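K.L.:
coords please:
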Amino acid sequence: MSKEFKKGQAVIHFSNWDSKGTWYFRRAIVKSCGAKQMTLEAVDSGEMMGCNFRPNSDTHYTLTWQGQERTAQHSACTMADMTDEEAHAVCIRMAEGTLAQEREHFANCLKRNAGAGYDNAIKRKQAELHEPRSRAYEDRAK
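P.N.:
Numbering: from 1, shown residues only. Here you go, the predicted model:
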């Protein structure tokens with residue numbers, strides 16, 4: 001894993017809000033960055049956001065599942081600083097990826113024929129999915 005960021009660099013952290021199609025972004029400063037993880041501090045509040053962030057902007061990963069290689073989307077990523085418009089566009093792109101993964105997952109669940117109760121629960125979860133949305137972290141209470 002290579003590190004892309006440096007201590008003191010302005011970045012934007014993106015994260016899946018609800019697994020239903022909403023992603024948010026939050027501006028941060030890199031407080032420390034190693035080869036495997038980095039620590040971020042929120043620009044808006046100065047609070048420490050955590051210390052287990054990947055030190056690169058990878059949005060997808062590859063895994064082998066049931067003998068097949070698959071690409072999946074991370075539920076969070078960090079990228080170099082950008083404008084709000086660009087950040088909203090990244091959120092929408094990531095939300096579209098989340099929705100595609102969730103729809104595929106629910107379709108596979110329904111193929112199992114696990115019973116009416118299970119199928120009804122999956123159908124309720126499918127109905128909760130919505131169009132891709134983007135939010136700034138500061139707007140989370142709205």
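K.L.:
Please name every helix or strand in contact with the helix or strand hosting residue 101.
P.N.:
If you go by DSSP states H and E, residue 101 is part of helix 84-110. When contacts are defined as 3 or more C-beta pairs under 8 Å, 6 or more residues apart in numbering; DSSP states H and E, helix 84-110 packs onto strand 10-16, strand 22-33, strand 68-73, helix 116-128, strand 133-136. C-beta coordinates here come from the backbone N, C-alpha and C atoms, glycine included.
K.L.:
centre of the chain versus it, how much separation?
P.N.:
Distance of helix 84-110 from its chain centroid, counting by C-alpha atoms, centre = their mean, to the nearest Å, is 9 Å.
K.L.:
Quick one: find the helix or strand in this structure with the lowest mean pLDDT.
P.N.:
strand 60-65 (a mean of 62; mean pLDDT, DSSP states H and E).
K.L.:
Counting neighbours, which bits of stretch 132-142 end up buried?
P.N.:
Buried residues in stretch 132-142, counting neighbours by 16 or more other C-beta atoms under 10 Å, are found at 132, 133, 134, 135, 136, 137.
K.L.:
export it as CSV, just CAs?
P.N.:
The C-alpha trace of stretch 132-142 is given here as CSV (Å, rounded to 0.1, in the frame of the first residue of the first chain):
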residue,chain,number,x,y,z
PRO,A,132,-28.1,8.9,-5.1
ARG,A,133,-27.7,11.8,-2.7
SER,A,134,-24.7,13.9,-1.5
ARG,A,135,-24.3,15.8,1.7
ALA,A,136,-21.7,17.9,3.3
TYR,A,137,-21.0,16.7,6.9
GLU,A,138,-21.9,20.2,8.2
ASP,A,139,-25.4,19.8,6.8
ARG,A,140,-26.0,16.4,8.5
ALA,A,141,-28.7,17.8,10.9
LYS,A,142,-30.9,19.1,8.0
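K.L.:
pretty sure residue 114 is in a strand, no?
P.N.:
No: using DSSP: H, G, I helix; E, B strand; the rest coil, the assignment for residue 114 is coil, not a strand.
K.L.:
State the distance from it to residue 108.
P.N.:
11 Å (C-beta to C-beta, to the nearest Å).
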